[in-house]
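Visitor: Can you look at this prediction? I've put the sequence above it.
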Amino acid sequence: MNRAVLLFSVLIALAAMACDDTMPSGGNDPTPTSIIASTWRLESIERNGQTERIDAAMAILLRFDSTTFAGNGPCNRYSGSYAIDGAAMTITALESGDSPCDQADLQARYLDGLRGVTGHAATATTLKLYAAGGSTVLTYGRSSATIDTTPKNVDPAGRTWRLVKIEAGGVIDTLVEAPWVTLTLGTRASGKGPCSQYSALYTIDSIAIDFEDLESSNESCPRAEREARYFTALDNAHSYYSTEKTLRIRHDGGTLHYIPHVPDDTVRNGPIAGREWRLRKIADGQDTIEIGMSAGVSIAFGLQGEFSGLGPCSRYLGTYSSDGRKLSIGSLSDGGITCSARPLEERYLRLLKNAARYEATEAELWIITAEGATLYYERGRQMGNPLVGTSWRLEHIAARGGVEAVPNGMVKLSFRDRDFEGISLCNTYEGAYTLAPGGRITIPEFSSTERACLERFEERYFAVLPNVVEYRHGPDRLILFAPTATLYYRPF
């Protein structure tokens with residue numbers, strides 16, 4: 001054989017080998033029935049030119065029905081639906097369990113491979129599933145093993161679920177600002193939509209779910225468009241996937257995602273007072289605004305019904321009340337400082353003023369308004385109290401009219417954990433105080449004895465002290481700032 005013939009033969013052989021690893025053309029497609037009603041065991045995963053051989057003992061199995069498939073993965077059972085047209089194949093839905101195992105990475109690689117399938121080729125002994133571009137992704141051998149193709153859904157009936165995401169018509173709505181949207185599968189389906197109460201008849205079996213005659217209270221709110229998408233999705237629901245932790249209802253055009261709902265009266269909110277919370281995100285209507293930590297926007301709640309914080313431009317303070325679930329803001333005022341972020345600050349303070357309830361853990365705080373907007377915070381540093389156990393002697397008062405020294409040098413102020421006491425020129429006095437991050441201090445309670453005093457200095461001192469808003473503290477100096485004057489103290 002001369003060199004030309006030999007070279008031609010080698011090229012023909014290489015071409016044949018190459019054809020073995022690419023998706024076949026439409027003229028040589030196997031018939032769709034060649035993969036149906038047979039069980040296939042995964043032998044290898046090919047990705048980025050690297051082939052990963054799969055141990056037969058893992059028994060990663062796949063079985064196709066006419067429009068659905070099911071199988072056993074390395075960790076969890078999986079199932080889904082597919083469409084086929086000649087050699088072309090599309091995975092239209094894929095669900096799996098969420099139990100952890102030491103092969104979780106392999107499970108993820110395998111399911112990612114399935115999701116990317118665009119074509120297939122089958123022989124009597126081998127099934128290959130291809131990704132876009134024609135490279136082999138998954139290779140199976142025919143298996144005599146049997147798998148249970150019955151869906152393993154946890155029965156979602158008799159429970160209440162909270163909606164966390166709507167996928168419909170190409171729109172993905174996370175609903176983070178409307179955490180009350182629920183679905184209860186009782187005798188009837190019922191719940192609270194983005195705006196309205198609703199109910200419907202429904203039927204359910206091990207895999208299918210159908211809603212009929214949906215009725216709602218037709219309330220109007222800014223989220224009406226979102227509610228329309230939600231109700232349309234329920235009307236077109238056809239199947240579901242459920243575990244103890246999740247319910248996904250599939251409908252024509254997308255999926256509704258739920259998690260178990262915890263009623264408000266059973267939410268175990270952690271304490272919000274006595275610590276700093278840093279704002280990380282604002283969700284208001286269709287807007288989600290990320291707040292960088294460098295912005296330093298924060299809030300701190302005191303133990304006596306007061307709070308203070310730092311906005312994008314100004315410091316702010318106010319009063320609040322709470323029963324551990326509901327949150328109501330009484331007064332709220334800010335410094336009114338103008339900066340480039342002033343529109344954001346005004347929006348933030350408006351939402352804070354409209355707070356209706358909250359959810360708090362050790363690490364996170366959500367403040368939710370009556371309209372459904374949500375302020376997301378994460379826990380800042382625990383607030384220390386550098387004033388506890390210290391005693392001070394007033395040195396002078398600095399006001400706009402100048403500096404005024406204490407007449408006899410004997411005005412004393414001593415701090416305990418949450419309150420203070422002192423001696424002035426003619427009277428004793430006491431009160432409660434709270435500290436907040438950024439050197440903020442408030443005095444919600446203040447009283448004094450009522451002995452007559454010829455020194456008007458005491459009257460001026462008592463007018464300033466209850467209105468202090470900020471402090472500076474060092475080993476040899478305490479300064480209390482009020483809107484009208486500043487109090488300077490030395491250690492006593």
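Guide: That came through fine.
Visitor: Can you pull the poorly scored residue ranges out of the stretch 201-350 of the chain?
Guide: Scanning the stretch 201-350 of the chain for pLDDT under 70 picks out 222, 263-270, 293-294, 303.
Visitor: quick one, helices of it?
Guide: All helices of the stretch 201-350 of the chain, identified by DSSP state H, counting those that start in this stretch, fall at 224-235, 342-353.
Visitor: Any chance of a markdown table for these, columns distance to residue 299?
Guide: All C-beta spots, glycine's among them, are computed from the backbone N, C-alpha and C. Shown next, in a markdown table, are these (distance: least, Cβ to Cβ, whole Å):
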| stretch | distance to residue 299 |
| --- | --- |
| helix 224-235 | 28 |
| helix 342-353 | 8 |
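Visitor: quick one, which of those is packed in tightest?
Guide: Highest mean neighbour count of these: helix 224-235, a mean of 19 (counted as mean count of other Cβ atoms under 10 Å).
Visitor: can you list the residues that contact that helix?
Guide: Residues outside helix 224-235 that contact it (Cβ atoms under 8 Å, 6 or more residues apart in numbering) are 163, 166, 168-169, 171, 173, 175, 178, 181, 189, 193-196, 198, 200, 211, 214, 216, 221, 249, 251, 253-254, 256.
Visitor: Please tell me how far it is from the chain's geometric centre.
Guide: Mean C-alpha position of helix 224-235 versus that of the full chain (Cα atoms, centre = their mean, to the nearest Å) differs by 22 Å.
Visitor: try stretch 172-192
Guide: Taking Cα atoms, centre = their mean, one finds stretch 172-192 lying 16 Å from the centre of the chain it belongs to.
Visitor: measure it end to end?
Guide: End-to-end distance for stretch 172-192: 19 Å, by Cα to Cα, to the nearest Å.
Visitor: what's next to stretch 156-166, contact-wise?
Guide: 172-176, 179-186, 191, 204, 226, 229-230, 233, 240, 242, 247, 254, 256-263.
Visitor: Just the buried ones among these, please.
Guide: 173, 175-176, 179-185, 191, 204, 226, 229-230, 233, 240, 242, 247, 254, 256-258, 261 (16 or more other Cβ atoms under 10 Å).
Visitor: As a check, name the ranges of all strands in the stretch 301-450 of the chain.
Guide: Counting by DSSP state E, counting those that start in this stretch, the segments of the stretch 301-450 of the chain that form strands are 306-310, 315-322, 327-334, 355-360, 364-369, 374-382, 391-399, 402-405, 412-415, 419-423, 428-436, 440-448.
Visitor: and those, which is most packed in?
Guide: Highest mean neighbour count of these: strand 306-310, a mean of 24 (counted as mean count of other Cβ under 10 Å).
Visitor: Would you mind getting the angle between it and strand 327-334?
Guide: Relative orientation of strand 306-310 and strand 327-334, computed by axes from the mean of the first three to the mean of the last three Cα atoms, to 10 degrees: 50 degrees.
Visitor: Within the sheet, what are the partner strands of strand 306-310, with directions?
Guide: Looking at strand 306-310 with DSSP bridges, its partner strands are strand 298-301 (antiparallel), strand 315-322 (antiparallel).
Visitor: Pull out the buried positions in the first one.
Guide: Within strand 298-301, the residues that qualify as buried by neighbour count (16+ other Cβ under 10 Å) are 298-301.
Visitor: So which of the strands of the stretch 301-450 of the chain is nearest residue 96?
Guide: When those are ranked by proximity to residue 96, the top entry is strand 364-369, at 28.3 Å, counting by Cβ to Cβ.
Visitor: Now do the SS call for the residue nearest to residue 73 when sequence neighbours are not counted.
Guide: In this structure, residue 73 finds its nearest non-sequential neighbour in residue 107, 4.9 Å apart by Cβ to Cβ, 6 or more residues apart in numbering. Secondary structure state of residue 107, per DSSP: H, G, I helix; E, B strand; the rest coil, is helix.
Visitor: Give me the neighbour count for residue 107.
Guide: Counted by other Cβ atoms under 10 Å, the residues lying close to residue 107 total 20.
Visitor: Test my guess that it contacts residue 75.
Guide: Yes: when contacts are counted by Cβ atoms under 8 Å, residue 107 is listed as touching residue 75 (4.6 Å).
Visitor: Just the buried residues of the contacts of helix 224-235.
Guide: Among the contacts of helix 224-235, the ones that count as buried (16+ other Cβ under 10 Å) are 163, 166, 168, 173, 175, 178, 181, 189, 193-196, 198, 200, 211, 214, 249, 251, 254, 256.
Visitor: domain parsing for the chain?
Guide: Split into domains by automatic domain parsing, the chain comes to 3-143, 160-261, 265-382, 391-491.
Visitor: Now distance to residue 153 too, for the ones you listed, in CSV please.
Guide: Shown next, in CSV, are the domains of the chain (distance: least, Cβ to Cβ, whole Å):
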stretch, distance to residue 153
domain 3-143, 9
domain 160-261, 5
domain 265-382, 26
domain 391-491, 48
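Visitor: Which of the ones you listed sits closest to residue 154?
Guide: Across the domains of the chain, residue 154 has its closest neighbour in domain 160-261 (4.9 Å, Cβ to Cβ).
Visitor: In strands, which of the buried ones among the contacts of helix 224-235 fall?
Guide: In this view, the buried ones among the contacts of helix 224-235 that belong to strands under DSSP state E are 163, 166, 168, 173, 189, 198, 200, 211, 214, 249, 251, 254, 256.
Visitor: Pick out whichever of those sits closest to residue 341.
Guide: Comparing these against residue 341 with Cβ to Cβ picks out residue 173 as the nearest, at 27.1 Å.
Visitor: Quick check: closest non-adjacent residue to that closest one.
Guide: Leaving out its chain neighbours, the residue that sits closest to residue 173 by Cβ to Cβ, 6+ apart is residue 166, at 4.4 Å.
Visitor: again, but for residue 208
Guide: Using Cβ to Cβ, 6+ apart, the closest residue to residue 208 is residue 239 (5.3 Å).
Visitor: The one you found: neighbour count?
Guide: Residue 239 has 20 neighbours, counted by other Cβ under 10 Å.
Visitor: I figured it was touching residue 205, is that so?
Guide: No: at 9.8 Å, residue 239 does not count as touching residue 205 under the criterion of Cβ under 8 Å.
Visitor: picking that back up, which two of the buried residues of strand 298-301 have the greatest separation?
Guide: Greatest spatial distance in those: 298 and 301, 11.0 Å, computed using Cβ to Cβ.
Visitor: re the thing from before, what's the residue nearest to residue 208 in contact with, if anything?
Guide: Per Cβ under 8 Å, 6+ apart, neighbours of residue 239: 207-209, 249-250.
Visitor: Thanks a lot, see you next time.
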